[in-house]
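In: Sharing a model that was predicted from the sequence below.
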Amino acid sequence: MQRKHLNAGPVAGVFYCPGTEDPISFIPRNRIQVAVLGATGAVGQTFVRLLADHPWFELNEVAASERSVGRLYGDVAQWIEGELPPHVAALPVLPCDPSIVSAPIIFSALDAAAAGEIEARFARAGRLVFSNAKNSRMEPDVPLLIPEINAGQLAALPTQRKRMGWPGAGAIITNANCATTAAVIPLAPLHAAFGIEQVFVATMQAVSGAGYPGVPSLDILGNVIPYIGEEEEKIERELPKMLGRWNGSTIVPAMIGVSAHANRVPVEHGHTVCLSIKFREPVAVAAARDVLDAWRGDAASRGLPSSLDQPLVVTDMPNRPQPRRDVGFGRGMGVTVGRLRADPLWDLRLVALTHNVVRGAAGGSIFNAELLVASGELGAA
Ligand code: NAP
């Protein structure tokens, strides 16, 4: 990604102190208008909550299905957590139509059944769309973005715009499935350091991952459901793409074999993943630990409002991470890794936890949008 230096002038970009590699976050002169599609659902509400006091973005448009359109947001959203910002409660719910919703940045928390067509319509209208749905994730020129690990995938955007005929800044940038996000963050530095050949993933996924109202209480209380529709397939294909690279015409997935088991458990927020890893060559636990401890993510991801100084922490407590105790780490943007140990069949085992609706969905999308703004993408409009 192109870097801009502090003395480069007042244009959007990640600025670096002259003569150093220390990034300084760029602060736009005016807050940028953003809209949330699917604003009434579990992820949509998290967008509303996280955007309430965002230093760069201002939320003044919310949209959802015909069921909600024309009513006040505060009347239709079954508000789940924290305080509903009063100015958002008073907004009318708009239809998901780019001739009515005017913001240049669109956060989409749409159900997959609706997302494909609607998100494309917004991109065709020149908007930057940050999608949480599965529909576009596996397109070869659509970034499946996590700023700390694969900011280089943004180089695919000109090709995407050309292929789709989208004008200006029009583009779709996606988030991974929330369980994949929990797995890929610790895997990325290990893959960069040692080269991963195969990964086995077993998930324990929170009920908020199923949206609102989600899984019936009689199905999940005191129970474990060893099936989440399409989840295993998503993890198995998204993980290699996220660790892949743009080669000038396509995002080439990393050559990593993935086997996933997905389970729904009676936890409110926080997806836990148990990973067993086979490297190309044997790797000692201590060497893997050193890599994870030192990891701070790609320099492009630093200095943004959602950046963490340390996006991943390794705990030595033998009974952690736990959703109840660790899901809030880094305002829900951090990943907690524990139980780092040798694997008797392969090389390494670990457990990772992240907040599925924050880091795995709304918070991840907002972070992605910050990266795009900082890299000058909005200026392409
Ligand atoms: P949800 O609670 O069921 O919310 C779905 C939203 O989509 C609601 O706002 C709904 O509006 C809207 N919608 C449904 N059909 C529509 C249509 N035809 N036109 C316009 N709007 C429509 O789901 P969620 O959990 O928030 O998930 C949203 C998306 O994020 C999904 O694609 C999901 O796979 C993905 N995701 C979720 C998580 C998670 O942890 N929950 C994590 C990562 C990704 P109404 O209220 O008006 O019906």
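Out: Done, it's in. Numbers count the residues shown, from 1 in each chain.

In: Leaving out sequence neighbours, find the closest residue to the closest residue to the ligand within the stretch 101-250 of the chain.
Out: Closest residue of the stretch 101-250 of the chain to the ligand, CB to the nearest ligand atom: residue 211 (2.8 Å). All C-beta spots, glycine's among them, are computed from the backbone N, C-alpha and C. In space, and not counting its chain neighbours, residue 211 is closest to residue 42: 4.8 Å by CB to CB, 6 or more residues apart in numbering.

In: Distance of the one you found relative to residue 158?
Out: Residue 42 sits 34 Å away from residue 158, going by CB to CB, to the nearest Å.

In: ok, the two, which is more surrounded?
Out: residue 42 (24 against 12; other CB atoms under 10 Å).

In: residues touching that one, list them.
Out: Neighbour list for residue 42: 80, 109, 208, 211-212, 214, 357 [criterion: CB atoms under 8 Å, 6 or more residues apart in numbering].

In: Out of these, give me the one that has the most neighbours.
Out: residue 357 (32 neighbours).

In: Grab the nearest non-local neighbour of that one.
Out: residue 46 (4.6 Å).

In: Flag the shaky bits of the stretch 251-381 of the chain, pLDDT-wise.
Out: 380-381 (pLDDT under 70).

In: For it, just list every one of the helices.
Out: 285-294, 323-326, 363-374 (DSSP state H, counting those that start in this stretch).

In: mind checking which of those is nearest residue 91?
Out: Minimum separation from residue 91 across these (CB to CB) falls at helix 363-374, 18.4 Å.

In: Buried residues in that closest one, which are they?
Out: Using 16 or more other CB atoms under 10 Å as the test for burial, helix 363-374 gives 363-374.

In: Take the residues you listed and lay them out in JSON lines including distance to the ligand.
Out: Listed next are the buried residues of helix 363-374 as JSON lines, based on distance: CB to the nearest ligand atom, whole Å:
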{"residue": "363", "distance to the ligand": "10"}
{"residue": "364", "distance to the ligand": "8"}
{"residue": "365", "distance to the ligand": "9"}
{"residue": "366", "distance to the ligand": "13"}
{"residue": "367", "distance to the ligand": "14"}
{"residue": "368", "distance to the ligand": "13"}
{"residue": "369", "distance to the ligand": "15"}
{"residue": "370", "distance to the ligand": "18"}
{"residue": "371", "distance to the ligand": "18"}
{"residue": "372", "distance to the ligand": "19"}
{"residue": "373", "distance to the ligand": "22"}
{"residue": "374", "distance to the ligand": "23"}
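
In: which one of these sits closest to residue 264?
Out: Closest to residue 264, out of all of the buried residues of helix 363-374 and judged by CB to CB, is residue 364, at 20.5 Å.

In: for the nearest residue to residue 320 once chain neighbours are set aside, what are its contacts?
Out: Using CB to CB, 6+ apart and skipping residues adjacent in sequence, the residue nearest residue 320 is residue 338, 4.7 Å away. Contacts for residue 338 (CB under 8 Å, 6+ apart) come out as 314-318, 320-321, 350-353.

In: Bridging across strands, which residues link to residue 338?
Out: residue 351 (DSSP bridges).

In: so how far is residue 75 from it?
Out: 43 Å.

In: try residue 374
Out: Distance from residue 374 to residue 75, by CB to CB: 36 Å.

In: Which positions in the stretch 251-381 of the chain make contact with the ligand?
Out: 356-357, 360-361 (CB under 6 Å from any ligand atom).

In: out of those, which are inside strands?
Out: Members of those lying in strands (criterion: DSSP state E): none.

In: Take the residues you listed and lay them out in CSV including distance to residue 195.
Out: Compiled in CSV, those are given as follows (distance: CB to CB, whole Å):
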residue, distance to residue 195
356, 28
357, 32
360, 26
361, 30
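
In: Among those, name the buried ones.
Out: 356-357, 360-361.

In: Residue of this structure closest to the ligand, please.
Out: residue 41 (1.9 Å).

In: Return the per-residue confidence for that residue.
Out: We have a pLDDT of 96 for residue 41.

In: My read is that it contacts residue 211, right?
Out: Yes - between residue 41 and residue 211 there is a contact under CB atoms under 8 Å: 5.5 Å.

In: Could you tell me which residues touch both of those two?
Out: Joint contacts of residue 41 and residue 211 (CB under 8 Å, 6+ apart) are residue 111.

In: which residues sit in contact with the closest residue to residue 355 other than its chain neighbours?
Out: Nearest residue to residue 355, sequence neighbours excluded (CB to CB, 6+ apart): residue 332, at 3.7 Å. Residues near residue 332 by CB under 8 Å, 6+ apart: 269, 355, 357-359, 363.

In: for residue 173, helix, strand, or coil?
Out: When classified by DSSP: H, G, I helix; E, B strand; the rest coil, residue 173 comes out as strand.
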